[in-house]
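Undergrad: Predicted model, plus sequence, below.
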Amino acid sequence: MGVYDELFTASVEDPERFWLDAATAIDWHVAPTRALDDSRPPFYRWFPDGELNVCHNALDRHVDAGHGDRPALVHDSPVTESQRTFTYRELRDEVAAFAGVLAGLGVGRGDRVVIYLPMIAEAAVAMLACARIGAVHSVVFGGFAPKELAVRIDDATPSVIVSASCGIEGKRVIEYKPLLDKAIELASHRPEHCVILQRPQAEAAMGERDVDWASAVAGATPADCVPVKATDPLYILYTSGTTGKPKGVVRDGGGYAVALNWSMPNVYDVGAGETIFTASDVGWVVGHSYIVYAPLLAGATTVLYEGKPVGTPDAGQFWRVVAEHGVKSLFTAPTAFRAIKKEDPNGEYARKYDLSSLKYLFLAGERLDPETYRWAADLLEIPVIDHWWQTETGWPIVANPAGIELLPVKPGSPTRPLPGWDVQVLDANGKPVEAGTDGAIVVKLPMPPGSLPTLWNDDERFLSSYMNAFEGYYLTGDGGRLDEDGYVYVMGRTDDVINVAGHRLSTGGMEEVLASHPDVAECAVIGVADRMKGQVPRGFVVLKAGVERDEDELRAELVQLVRDQVGAVASLKDVAVVAALPKTRSGKILRKTMRGIADGADEPVPGTIDDASVLDALRPVLRRE
């Protein structure tokens, strides 16, 4: 067996020993004597008798070890044309001061703080300050719609909300304070205080409950780290739910810290003194895990980027960040690379920068189509690592473990499950399917440390959403298959499997074919209701920059391509060329929303949408108006 096989086998055969060993790599106030409390399945708890502070492990531990002058966080903002670098000592002091502000406002262990900030260094400071005093943070995207923010305020019931006067989206300045005030007006719960960071691009009008960030920090007494139980919640992160009410994923501190600390060298091959650039947002799990917590736990340098992959000002910004900050691992969503590829199909911007420091590109957040994989791999000539995970899991389920050994790549698969994740594929009756057969992707319980122990104040929904479908398994909600080598193929959410005249077909498989056409930058396939066949697929493609084609001619080529590679049974005859696809802020295409509109539903604009005008422009096409 190779090193990967040995580690994986050890993790599933004796998880107690595997994770207790991993736990020794971080500091404990009270070291755990056992790894897993399995007394009340499926409510598993990791390191139940341990006590620690995650902020101490992310900051103070490194300063105490003599690494206070090492760069910890770089805020790189092309939209404000500014950069700031914080050493571990500077970041610790900033966090301790802001923790003192929160403590002075009455925030204590177990209290909730909602963080509604743009991609600025203060977002990480606020998160870590909450962790420092044992408070529970809940980050909501800066600029999120008031109604969506109000729902989260009512669920988390924060005593304090931390926000800023504005954020910058591309070239637009978005004032946050009016949105925040409206959200509080809509919410039933009222926070006692709002701490507002004034940014020079827009000044917020302050009210009675509002506290100025700079003034409060100037007068604050720095707060020390408060030890908490490993099973205490570190944060709540809301993810969309099928009922419309968001689900508050709970993350415990101990299991999360152990898992993330293990993942940095083993999955991302980034250690102390090395740099990772995760191009995401702190509003997503990727931002929580791999912009803020994991890099700092590992003693690495993390880049927090305020900008877009294209348009701020060009498609070369990721390459500039890599070159200027000596980035070793770059982590972003496939959508970001499709956007770069669309604007710069020949990769000319990449050739303008010295990318010799870059050893890996990691992509996650949605399926990585083979065409985008090949484009990135050919351009960069480094390992391009597709990996798959979810808000609920907190860290990757399936990935090519760069720091252990690189497994052979099969385009379309993120390779094999990481240690701790016993991934299986089941049929509708809960029986394992044969290799190569599609089914529901599940994880055998218990899941490893770092995964959600429950939902905030909603154990019943935790059970109904994830645990009741197949006893003893976590339901990922994704469909796909395992091949004979144990490689996982994730074909998309199970509701993206369509039934065409009794044939179950993956829209992801059809998207893969459309994306392989040389003129297509990105695409989406949805299943829409059909009186004769139950459902039929409709395709939507965005062309690469500079490509001009006769639409009828291109449509015929794409339809024939799917017919040749998927089969006539796919019945894909309808492909529209569109200017853009509607996406969430993390880059996921809003296929469910598109499907609802196409089926005639009065589909609301999701709170997670990046640009509502894209959806508005697409509505007539979806409805065939």
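TA: Perfect, thanks for sending it.
Undergrad: mind listing the strands in the stretch 501-625 of the chain by residue range?
TA: For the stretch 501-625 of the chain, strands defined by DSSP state E, counting those that start in this stretch occupy the ranges 503-506, 520-530, 534-543, 574-577.
Undergrad: Just send those back as TSV, with distance to Pro448 and mean neighbour count too.
TA: Quick note: C-beta positions are derived from backbone N, CA and C, even for glycine. Formatted as TSV, the strands of the stretch 501-625 of the chain follow (distance: least, CB to CB, whole Å; neighbours: other CB atoms under 10 Å):
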stretch	distance to Pro448	mean neighbour count
strand 503-506	28	18
strand 520-530	33	23
strand 534-543	36	21
strand 574-577	42	18
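Undergrad: Report the separation between the residue most central in space within the chain and Ser413.
TA: Using CA atoms, centre = their mean, the residue of the chain that lies closest to the mean C-alpha position is Val286, 3.4 Å off. The gap separating Val286 from Ser413 is 20 Å, by CB to CB, to the nearest Å.
Undergrad: Identify, by residue count, the longest helix of this structure.
TA: If each helix of the chain is counted by residues according to DSSP state H, the longest one is helix 88-104.
Undergrad: before we move on, back to that, name the helix or strand for the residue nearest to the centre of the chain, please.
TA: helix 285-287 (DSSP states H and E).
Undergrad: For that helix, give the mean pLDDT please.
TA: For helix 285-287, mean pLDDT is 94.
Undergrad: now do stretch 19-37
TA: pLDDT averaged over stretch 19-37 gives 98.
Undergrad: for that stretch, which positions count as buried?
TA: By neighbour count on 16 or more other CB atoms under 10 Å, the buried set for stretch 19-37 is 19-20, 22-23, 26-28, 32, 35-36.
Undergrad: from those residues, which ones fall inside helices?
TA: 19-20, 22-23.
Undergrad: what's the farthest-apart pair in these?
TA: The most widely separated members of these, counting by CB to CB, are Leu20 and Ala22 (7.3 Å).
Undergrad: Val101 and Ser215 touch, don't they?
TA: No. Contact between Val101 and Ser215 fails when scored by CB atoms under 8 Å: they sit 9.6 Å apart.
Undergrad: Neighbour count: those two, which is higher?
TA: Val101 (26 against 11; other CB atoms under 10 Å).
Undergrad: okay, the closest residue in space to Tyr44 that isn't next to it in sequence: pLDDT?
TA: Nearest non-adjacent residue to Tyr44, counting by CB to CB, 6 or more residues apart in numbering: Pro446, 4.1 Å away. With respect to pLDDT, Pro446 has a value of 97.
Undergrad: Pull the number of nearby residues for Ser613.
TA: Ser613, neighbours per other CB under 10 Å, totals 10.
Undergrad: wait, I meant Pro78
TA: Pro78 - counted by other CB under 10 Å - has 19 other residues nearby.
Undergrad: And the pLDDT for it?
TA: Confidence at Pro78, expressed as pLDDT, is 97.
Undergrad: repeat for the one 4 residues further on
TA: Per-residue pLDDT puts Ser82 at 97.
Undergrad: and the closest residue to it other than its chain neighbours, what is it in contact with?
TA: Excluding its sequence neighbours, the residue lying closest to Ser82 (CB to CB, 6+ apart) is His75, at 7.8 Å. Counting by CB atoms under 8 Å, 6 or more residues apart in numbering, His75 makes contact with 82-86, 120-121, 304, 306.
Undergrad: which element is His75 on?
TA: Counting by DSSP H and E, His75 is found in strand 71-77.
Undergrad: Partner strands of that strand, with direction?
TA: Counting by DSSP bridges, the strands paired with strand 71-77 are strand 82-87 (antiparallel), strand 301-305 (parallel).
Undergrad: Tell me which of these is the most buried.
TA: Across the strands paired with strand 71-77, averaging neighbours per residue (mean count of other CB atoms under 10 Å) puts strand 301-305 on top, at a mean of 26.
Undergrad: in the following helix or strand past that one, what's buried?
TA: Per DSSP H and E, the first helix or strand lying C-terminal to strand 301-305 is helix 317-325. In terms of neighbour count (16+ other CB under 10 Å), helix 317-325 has its buried residues at 317-319, 321-323, 325.
Undergrad: quick one: contacts of helix 317-325?
TA: By CB under 8 Å, 6+ apart, helix 317-325 touches 74, 76, 78, 275, 277, 279, 301, 303, 305, 307-310, 327, 330, 332, 336, 340, 349-350, 352-355, 357-358.
Undergrad: Show me how far that helix is from its chain's centre.
TA: 21 Å (CA atoms, centre = their mean, to the nearest Å).
Undergrad: Please save the CA atoms from it in PDB.
TA: The C-alpha coordinates for helix 317-325 follow below in PDB (Å, rounded to 0.1, in the frame of the first residue of the first chain):
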ATOM      1  CA  GLN A 317      -5.500  39.700 -11.100                       C
ATOM      2  CA  PHE A 318      -5.100  36.200  -9.700                       C
ATOM      3  CA  TRP A 319      -1.800  35.900 -11.500                       C
ATOM      4  CA  ARG A 320      -0.700  39.300 -10.100                       C
ATOM      5  CA  VAL A 321      -1.500  38.100  -6.500                       C
ATOM      6  CA  VAL A 322       0.400  34.900  -7.000                       C
ATOM      7  CA  ALA A 323       3.400  36.700  -8.300                       C
ATOM      8  CA  GLU A 324       3.500  39.500  -5.700                       C
ATOM      9  CA  HIS A 325       2.900  37.400  -2.600                       C
END
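Undergrad: Show the average pLDDT along that helix.
TA: Mean predicted confidence for helix 317-325 is 98.
Undergrad: Could you quantify the relative orientation of that helix and strand 71-77 as an angle?
TA: Helix 317-325 and strand 71-77 are oriented at 140 degrees to each other (axes from the mean of the first three to the mean of the last three CA atoms, to 10 degrees).
Undergrad: Off-centre distance for stretch 116-127?
TA: A distance of 16 Å separates the centroid of the chain from that of stretch 116-127, by CA atoms, centre = their mean.
Undergrad: do stretch 311-331 as well
TA: Taking mean C-alpha positions (CA atoms, centre = their mean), stretch 311-331 and its chain are 19 Å apart.
Undergrad: any idea of the pLDDT on the residue nearest to Ser82?
TA: pLDDT, read off for His75, is 98.
Undergrad: What residues are bridge-paired with it?
TA: Arg84, Leu304.
Undergrad: ok, now how distant is it from Val113?
TA: The value you get for His75 to Val113, if CB to CB is used, is 21 Å.
Undergrad: picking up where we left off before, and the following helix or strand past the longest helix of the chain, what's its mean pLDDT?
TA: Using DSSP H and E, the helix or strand that follows helix 88-104 in sequence is strand 112-116. In this model, strand 112-116 has a mean pLDDT of 98.
Undergrad: Point out where the stretch 1-150 of the chain drops to low pLDDT.
TA: Low-confidence segments of the stretch 1-150 of the chain (pLDDT under 70): 1.
Undergrad: can you give me the strands in the stretch 351-500 of the chain?
TA: Here the stretch 351-500 of the chain has its strands, by DSSP E, counting those that start in this stretch, at 360-363, 384-386, 423-426, 439-444, 473-482, 488-493, 497-500.
Undergrad: winner for burial among those strands?
TA: Taking mean count of other CB under 10 Å, strand 384-386 is the most buried of the strands of the stretch 351-500 of the chain, at a mean of 26.
Undergrad: Understood, closing this out.
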